[in-house]
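Visitor: sharing a model that was predicted from the sequence below.
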Amino acid sequence: MWTNIFYYVSFLKYLFLNINMIFIVFFLCITTVLCAGGPSITLKDGKIKGVMVRSEREKINYYSYIGIPYAKPPIGNLRMQAPEPVEPWQGTFMATNNNKVCYQISSKVHIPQDEDCLTINVYTPVKPEETNNLPVIVTIYGGSFTHGYASIGPKVGSNYVEAGIILVTFNYRVGPFGFLSTGDELIRGNMGLKDQLLALKWVQKNIHLFGGDPKKVTIKGQSAGSASVTYHILSPASKGLFRAAIGNSGSALNSFANTNRNALHIARGVAKSINGSLGFNSSPQQIYDLLMNVDAETIHATQEYYNGFAPVLEAEHPGAFITEPMYELVKSGRINNVPLLIGFNSEEYILLAGSPEKLESLGRKYDNDVSTLYQAV
């Protein structure tokens, strides 16, 4: 009897091990097939492969391409300079993982931050082999021009694709990497807005390959993202890149959305916090030389003390984003004439309710210099 039991147990063990092995092999085969058979698109710059996902409510298939580089890494000589288009690549870029976040002030970001962060994401219901002319929404995130990043993960955009809309999100530089300015040709400023501009040009060049219509692009944003949207309405550089705009709780006319009078002072403060021998009378050249020769983490650490980064008016030059006061452009009608839907968030700054010190500091700022409330004039 014991011999029979032994053989029976041995048989079950053998069967169990083989079933597990079959399951593992089956799982690996399915995974390999799915990865190998992911949606592929050949862009102007090279081939990409994404993933197919299911929408949350309607359970329809759609296609996610994330982490696509749209600019050269803004490092080395390109640090704090206008972005340059990405160079074409060989082989297939796996657009299945977006783990890049630009350096920012927020301590709540648990993803490694990096200077090499200029990536774009596309979520579309259109199969690669199909053609279509769907409308496109391009989202610009907010965050006071000091923090924020494009939504991460392949399942973003479910609500949009269910409505037959293609969603595009992207990273742009914030904080000193995106908005520090020495007020001259060394560090002109507005790098973050120029990142946005390059991303919008990328959309015009490539969105038809995802089933989108480049003539049906709407840009939208909230808070600093909304201010960015209105900057694109005001900037001649953005003409023709979108047909409509949506802004929620932010405008280029808001005081938080520019730092013209204080830009060099802030740049000097950043330099002084890195090298105490540089005072608040340091020259733009001294600031530039310092910032080009320290590591990114050192610059990033200064945001604890200096975080008033925002767009500035630039001197006239071929790559300028905006050179004239915003109110003057509006009053004269020299804007990109597109429909604009405006809304607001009634509890935009409720996050400060948990920090009376910050509220008091903000109040003192305006009490001491009320002109900061209308410096965009």
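Guide: Good, I have the coordinates. Numbering: from 1, shown residues only.

Visitor: need the strands for the stretch 201-350 of the chain, in chain order.
Guide: For the stretch 201-350 of the chain, strands defined by DSSP state E, counting those that start in this stretch occupy the ranges 212-222, 244-248, 340-343.

Visitor: want to throw those into JSON lines with distance to Y149, mean pLDDT and mean neighbour count?
Guide: C-betas here are computed from N, CA, C, even on glycine. Formatted as JSON lines, the strands of the stretch 201-350 of the chain follow (distance: least, CB to CB, whole Å; pLDDT from 0 to 100; neighbours: other CB atoms under 10 Å):
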{"stretch": "strand 212-222", "distance to Y149": "13", "mean pLDDT": "97", "mean neighbour count": "21"}
{"stretch": "strand 244-248", "distance to Y149": "18", "mean pLDDT": "96", "mean neighbour count": "20"}
{"stretch": "strand 340-343", "distance to Y149": "22", "mean pLDDT": "94", "mean neighbour count": "12"}
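
Visitor: okay, those strands in TSV with distance to P112 next?
Guide: Compiled in TSV, those are given as follows (distance: least, CB to CB, whole Å):
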stretch	distance to P112
strand 212-222	25
strand 244-248	30
strand 340-343	34
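
Visitor: out of these, which gets nearest to T298?
Guide: strand 212-222 (30.2 Å; CB to CB).

Visitor: packing partners for that closest one?
Guide: Using 3 or more CB pairs under 8 Å, 6 or more residues apart in numbering; DSSP states H and E, the elements in contact with strand 212-222 are strand 134-140, helix 191-206, helix 224-234, strand 244-248.

Visitor: where does pLDDT dip in the stretch 1-150 of the chain?
Guide: Along the stretch 1-150 of the chain, segments meeting pLDDT under 70 span 1-37, 106-109.

Visitor: show me the contacts for H110.
Guide: By CB atoms under 8 Å, 6 or more residues apart in numbering, no residues touch H110.

Visitor: residue closest to the middle of this structure?
Guide: N171 (1.9 Å; CA atoms, centre = their mean).

Visitor: just the pLDDT for that one.
Guide: Note on N171: pLDDT of 97.

Visitor: do you know how far it is from S223?
Guide: The gap separating N171 from S223 is 16 Å, by CB to CB, to the nearest Å.

Visitor: need phi/psi at Y123.
Guide: phi -120, psi 120 (degrees, to the nearest 10).

Visitor: what sits against the residue nearest to it when sequence neighbours are not counted?
Guide: Take Y123 and drop its neighbours on the chain: the residue closest to it by CB to CB, 6 or more residues apart in numbering is G157, 3.1 Å away. Residues near G157 by CB under 8 Å, 6+ apart: 62, 64, 123, 167, 169.

Visitor: for L313, which non-adjacent residue is closest in space?
Guide: N260 (5.4 Å).

Visitor: so how many other residues sit close to the one you found?
Guide: A total of 16 residues lie near N260 under the criterion other CB atoms under 10 Å.

Visitor: how much space between G363 and L200?
Guide: With CB to CB as the criterion, G363 and L200 are 37 Å apart.

Visitor: between these two, which one's more packed in?
Guide: Per other CB under 10 Å, whichever of G363 and L200 has more neighbours is L200, with 23 against 10.

Visitor: N98 and L197, how far apart?
Guide: According to CB to CB, N98 and L197 sit 21 Å apart.

Visitor: among those two, which residue is more densely surrounded?
Guide: The neighbour comparison of N98 against L197 (other CB under 10 Å) goes to N98, with 26 against 23.

Visitor: need the contact list for the nearest residue to V86 once chain neighbours are set aside.
Guide: The spatially closest residue to V86, leaving aside those adjacent along the chain, is P69, at 4.7 Å (CB to CB, 6+ apart). With contacts defined as CB under 8 Å, 6+ apart, P69 is in contact with 86, 93, 118-120.

Visitor: buried ones among those residues?
Guide: 86, 93, 118-120 (16 or more other CB atoms under 10 Å).

Visitor: looking at these, spot the one nearest S144.
Guide: L118 (19.8 Å).

Visitor: so what's the nearest residue to the closest one once chain neighbours are set aside bridging to?
Guide: Distances taken as CB to CB, 6+ apart put A71 closest to L118, at 4.1 Å, once the chain neighbours are dropped. Here A71 shows beta-bridge partners P85, assigned using DSSP bridges.

Visitor: was I right about A71 contacting A82?
Guide: No: applying CB atoms under 8 Å, one finds A71 not in contact with A82, separated by 9.6 Å.

Visitor: those two: which is more packed in?
Guide: The residue with more neighbours, out of A71 and A82, is A71; 26 against 18, by other CB under 10 Å.

Visitor: ok, that one - contacts?
Guide: So A71 contacts 83-86, 118, 195, 198 (CB under 8 Å, 6+ apart).
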